[in-house]
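**Student:** Fold the following and give me the result.
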Amino acid sequence: MASSPPYPPYPGAAPGSTLRHPHWWQRPAVRYGATVALLALSGLVILALVREQTGTQGFLVGLGLAVLPVPLLLAAFRWLGRVEPGPWRNLLFAFAWGACAAALIAIVANSFATRWIATTTADPAGADTLGATVIAPVVEETAKAAAVLLLFLFRRRDFHGILDGVVAAGFTATGFAFTENILYLGNAFGTDQLTGGSGIASVTAATFFVRIVMSPFAHPLFTVLTGIGFGAAALAADRQRVRRVLLPLAGLLLAMGMHALWNGSATLGQFGFIAVYGAFMVPTFGLLTWLVVWTRQRELRAVRTELPAYAVAGWLRPSEPFALGSMRARRLARKFAREHGGRPAARAVAQYEAYATQLAFLRHRGRAGKAGADFVTRERELLLELWHRRAAARPALEHAARLTAPRVPYGAGWAYGPVPAAWPPQGQPPDTAYGDNPYRR
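**Tutor:** Predicted coordinates:
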């Protein structure tokens, strides 16, 4: 077995920590079982409540229409997280929490609060307005934020920065909007059944246009503000406890405020909705889109900056930091692995890319003085994960680096490694350049 290279120097190295036995509630079986049971029970209850309010036919119509924007939204948030893709189980939990648990909390709490206000004030119309503009934003955004909080607390190793918070919040809000749209569209269809409305002039068509065509990003937009708060908290050092608490709260308050403004636009007159949509929703959507794309590019730069230290120490090939810092090179590497080694090789390359990105972020936090006490242990784990997958990943990444590396004048030097003639070494055929090449036929 090949021995691993020495560890590179790093700032703020901490001594190894002593492992402790987890409490019973920290055991994976207990967590998974409780989570699945909670979400399954919530799903059954919310299914019964929505079907009771809309009827079977209305439920089916609402379901068919509400599902249309879901794949596009999930794909967009998944694309944002491709720099360091989180485990699918985290994303499935976020979506299920939003569609089941958060939706159930919102329906029950909003209905109870609105009825209580109507009974107390003897003003049902005022209670409905107050419920939509004040109670619903507070209840719904808090319920959705709970999913991001749980991932932040219990999946901390997968939660490193702003993009992780954005993706978690986006999946949660998309699930919540999916269930809510079923309810609204199903009720609209029921209204049309009673009034005989049909076609473009129907309530169903109007509801579909407002909720699915014009504002499918509304709920994700609100909750992404909360996700940014949690992501910023993840970037703070462990000793900055006040900041780690205040940033998520600030994001949650902004989400509530945007949600309240959006719901309250219906009370601002005939053109209130259009005014709020054009003056606040669209600019905020554009600003947040720019922010997350800029953050994505910043994370790629961090990968290219931090990984050369491990290339110097021998853990990575000289060309790998450049290839791992380019989404195009990553995609080409996975394609090369799939064509020459099949799906297992492509999966190994994808895992290699993910672990290398985590390693870069870990070292970036260490250089910024924000590394936790488990820095050494976590670094060793990630390096060993890379070492075990080097046979599949190195040829694919070097192939991608050859295709994507920028051309430089002769004698200008190379940023991350030797001249292209070393890929592969001269005098050796490509399929024997590396003794552990899994693609050799």
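
**Student:** Going by C-alpha atoms from here, please, whenever you check contacts or count neighbours.
**Tutor:** Fine.

**Student:** can you list the residues that contact whichever strand or helix holds Leu287?
**Tutor:** Element membership of Leu287 [criterion: DSSP states H and E] is helix 282-306. Residues external to helix 282-306 that are found in contact with it (CA atoms under 8 Å, 6 or more residues apart in numbering): 80-81, 83, 162-163, 166, 221, 321-322, 324-326, 357, 360-361, 363-364.

**Student:** Identify each buried residue in that helix, please.
**Tutor:** Residues of helix 282-306 classed as buried by neighbour count (16 or more other CA atoms under 10 Å): 284-285, 288, 292, 295-296, 299-306.

**Student:** now stretch 213-220
**Tutor:** Judged by neighbour count (16+ other CA under 10 Å), stretch 213-220 contains these buried residues: 215-220.

**Student:** what about it, start to end distance?
**Tutor:** With CA to CA, to the nearest Å as the measure, stretch 213-220 spans 14 Å from end to end.

**Student:** roughly how far apart are Phe93 and Gly199?
**Tutor:** According to CA to CA, Phe93 and Gly199 sit 37 Å apart.

**Student:** So between the two, which is more surrounded?
**Tutor:** For Phe93 and Gly199, the more surrounded residue by other CA atoms under 10 Å is Phe93, and the numbers stand at 20 against 10.

**Student:** Which SSE is immediately downstream of the helix or strand harbouring the more buried one?
**Tutor:** For Phe93, the enclosing helix or strand under DSSP H and E is helix 88-96. Per DSSP H and E, the first helix or strand lying C-terminal to helix 88-96 is helix 103-121.

**Student:** so what does that next one touch, helix or strand wise?
**Tutor:** helix 28-66, helix 124-130, helix 136-154, helix 162-195 (3 or more CA pairs under 8 Å, 6 or more residues apart in numbering; DSSP states H and E).

**Student:** just how off-centre is the shortest one within its chain?
**Tutor:** It refers to helix 124-130. Computed by CA atoms, centre = their mean, to the nearest Å, the chain-centroid distance of helix 124-130 equals 36 Å.

**Student:** Repeat that for stretch 59-75.
**Tutor:** 19 Å.

**Student:** end-to-end on that stretch?
**Tutor:** One end of stretch 59-75 sits 25 Å from the other (CA to CA).

**Student:** pLDDT weak spots in the stretch 251-400 of the chain?
**Tutor:** In the predicted model of the stretch 251-400 of the chain, residues 270 satisfy pLDDT under 70.

**Student:** And the helices in it, which stretches?
**Tutor:** Per DSSP state H, counting those that start in this stretch, the stretch 251-400 of the chain has helices spanning 272-276, 282-306, 308-312, 320-324, 327-367, 375-388, 390-404. These are given in chain order.

**Student:** so which of these comes closest to Gly227?
**Tutor:** Ranking those by proximity to Gly227 (CA to CA) places helix 282-306 first, at 11.2 Å.

**Student:** tell me the angle the closest one makes with helix 162-195.
**Tutor:** On the basis of axes from the mean of the first three to the mean of the last three CA atoms, to 10 degrees, helix 282-306 is oriented at 150 degrees to helix 162-195.

**Student:** what angle sits between helix 282-306 and helix 327-367?
**Tutor:** 80 degrees.

**Student:** rewinding a little: so which of the helices and strands packed on helix 103-121 is the most surrounded?
**Tutor:** Scoring the helices and strands packed on helix 103-121 by mean neighbour count under mean count of other CA atoms under 10 Å gives helix 162-195 as the most buried, with a mean of 25.

**Student:** Can you list the helices and strands that that one packs against?
**Tutor:** By 3+ CA pairs under 8 Å, 6+ apart, helix 162-195 packs against helix 28-66, helix 70-80, helix 88-96, helix 103-121, helix 136-154, helix 203-208, helix 218-235, helix 282-306.

**Student:** Relative to the whole chain's centre, how far out is it?
**Tutor:** Relative to the centre of its chain, helix 162-195 is centred 18 Å away, using CA atoms, centre = their mean.

**Student:** What average pLDDT does it get?
**Tutor:** Helix 162-195 shows a mean pLDDT of 94 in the predicted model.

**Student:** I'd like the distance between Ala266 and Thr133.
**Tutor:** Using CA to CA, one gets 10 Å for the distance from Ala266 to Thr133.

**Student:** ok, the two, which is more surrounded?
**Tutor:** Between Ala266 and Thr133, counted using other CA under 10 Å, the more crowded position is Thr133 (22 against 17).

**Student:** what residues are up against the more buried one?
**Tutor:** In this structure, Thr133 makes contact with 259-261, 263-264, judged by CA under 8 Å, 6+ apart.

**Student:** nearest to Asp374, of these?
**Tutor:** Among these, His259 lies closest to Asp374 (CA to CA), at 38.9 Å.

**Student:** how close does that closest one sit to Ala173?
**Tutor:** His259 is 12 Å from Ala173, by CA to CA.

**Student:** hey, what's in contact with both of these two?
**Tutor:** His219.

**Student:** could the helices and strands packed on helix 103-121 be laid out in CSV, adding distance to Phe208?
**Tutor:** Below are the helices and strands packed on helix 103-121 laid out as CSV (distance: least, CA to CA, whole Å):
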stretch, distance to Phe208
helix 28-66, 8
helix 124-130, 22
helix 136-154, 21
helix 162-195, 7
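
**Student:** Leu246: which of those helices is closest?
**Tutor:** Nearest to Leu246 among these is helix 136-154; the distance by CA to CA comes to 13.2 Å.

**Student:** Please enumerate residues in contact with the closest one?
**Tutor:** Contacts of helix 136-154 (CA under 8 Å, 6+ apart): 90, 93-94, 97-98, 101-103, 105-106, 109-110, 159, 165, 168-169, 172-173, 176, 222-223, 226-227, 230, 234, 252, 255-257, 259-260.

**Student:** ok, now with 6 Å
**Tutor:** Helix 136-154 has contacts (CA atoms under 6 Å, 6 or more residues apart in numbering) with 94, 102, 106, 256, 259-260.

**Student:** quick one on the thing from earlier: quick one, which of the helices and strands packed on helix 162-195 gets closest to Lys370.
**Tutor:** helix 218-235 (7.8 Å).

**Student:** by contact count, what packs against the closest one?
**Tutor:** Where contact means 3 or more CA pairs under 6 Å, 6 or more residues apart in numbering; DSSP states H and E, helix 218-235 is packed against helix 162-195, helix 241-264.

**Student:** Buried ones in stretch 87-98, by neighbour count?
**Tutor:** Across stretch 87-98, burial judged by 16+ other CA under 10 Å covers 90-91, 93-98.

**Student:** Go through these and say which is closest to Leu38.
**Tutor:** When the buried residues of stretch 87-98 are ranked by distance to Leu38 (CA to CA), Trp97 comes first, at 9.2 Å.

**Student:** The closest one and Thr114, how far apart?
**Tutor:** From Trp97 to Thr114 the distance is 24 Å (CA to CA).
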